[in-house]
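Sharing a model prediction with you, sequence too.
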Amino acid sequence: MSVEEVRKWLENLCADLMRYDAKVFDEAKAFLCTTASHIYSFTIPLVMEYRNLDHLKRDYSILFSARVLIKVDFRKTLGKEMTSEDIEDLLKCFKYVYSPKEYKEKMTEISNEIEHALKIAIERVAWRKQLEE
Amino acid sequence: MEVEDVRKWLEDLLRNLMEYDPSVLIEAYYHLASAGAYMYTLYIPLAIKYKDMENLRKNYNILFASRLLERVFTYKALKKEVPKDEIELLVNLFTYVYSPDEYRVGMIEVNSEIENALKVATEHIAWRRKLKE
């Protein structure tokens, strides 16, 4: 799979995400950020202690998904579209971590992470609304 | 400075944090977790691409502080003290990342991150309350 295909996938993913409700988006972002931060608060000490960088790759799909949502959220808040620089920033992070052989598998993994986070976020927003009523 | 000093510092810090309002602790946790996740979405690709581990270490205080707050509000919600094995886990995470020479600086940095996050959280809560009025 080529870098161009990854770029195209990112552009489509971000364009789709731009249409989501801001509250749901914020909740999904919080979910992914807290999960990622919790995982890496444990992973980083292991990497330091055992000098094994492979651990860093293992859960990067969660962190990457969080970065996608953060970037989209930033533009949404400003009422603007994603720029080509935003896409290039995401593409750079993706390329640095994964080898071309892994592109397809990781794209699916990241799409699933985001889908899962949005599903949880929709449930949480509904639950909060119910609590308020 | 020794591991025993780190343990003592953590016990005191956790005890002090247990006095805080849970809503402030959660807000501070979200603040630190999202800051940590955002930084590491970029530092991990750099570490993998350029074998640059320094940023992972340098900013670990934020991830560590977020994990610590998460533990505090979890046990606060359970109306329990933070158990000894949780404190030992935090001691291990801290001492895996920092060398004994760095313990003091690491402790100051973590304290400062938590203090700042609690300040931001208090302001956020007040701002939300004002919006509702």
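Cool, got the structure.

Which residues of chain A lie near chain B?
Chain A comes close to chain B at residues A:29-30, A:32-34, A:36-38, A:40-42, A:44-49, A:53, A:56-57, A:60, A:63-64, A:66-67, A:70, A:92-94, A:96-97, as judged by CB under 8 Å from any CB of the partner chain. The C-beta positions use only the backbone N, C-alpha and C, and glycine is treated the same way.

which bits of chain B sit near chain A?
Contact residues (CB under 8 Å from any CB) of chain B with chain A: B:29-30, B:32-34, B:36-38, B:40-42, B:44-49, B:51, B:53, B:56-57, B:60, B:63-64, B:66-67, B:70, B:92-94, B:96-97.

most centrally placed residue in chain A?
Centroid-nearest residue in chain A, with CA atoms, centre = their mean: A:Ser65, separated by 0.9 Å.

typo on my end, chain B
B:Ala65 (0.7 Å).

quick one: pLDDT of A:Phe74?
As predicted, A:Phe74 sits at a pLDDT of 89.

Over to A:Cys33?
95.

Using the three-state scheme, assign A:Glu81.
What DSSP: H, G, I helix; E, B strand; the rest coil gives for A:Glu81 is coil.

any idea how far A:Tyr40 lies from A:Asp59?
From A:Tyr40 across to A:Asp59, the span is 7 Å (CB to CB, to the nearest Å).

ok, now B:Lys76?
To A:Asp59, B:Lys76 is 27 Å away according to CB to CB.

just to revisit the earlier point, would you show me how to pick out the buried ones of the residues of chain A next to chain B in PyMOL?
Of those, the buried ones go into a single PyMOL selection, burial set by 16 or more other CB atoms under 10 Å in any protein chain shown:
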select buried, chain A and resi 29+30+32+33+34+36+37+38+40+41+42+44+45+47+48+56+57+60+63+64+66+67+70+93+94+96+97
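
Narrow the residues of chain A next to chain B to those in helices?
Counted as lying in helices by DSSP state H, out of these, are A:29-30, A:32-34, A:36-38, A:40-42, A:44-49, A:56-57, A:60, A:63-64, A:66-67, A:70, A:92-94, A:96-97.

List the buried residues for the helix or strand where B:Val72 lies?
Following DSSP states H and E, one finds B:Val72 within helix B:60-77. For helix B:60-77, burial by neighbour count (16+ other CB under 10 Å) applies to B:60-73, B:75-76.

can you tell me which of those lies nearest to A:Phe74?
Set against A:Phe74, the nearest of the buried residues of helix B:60-77 by CB to CB is B:Ile62 (19.4 Å).
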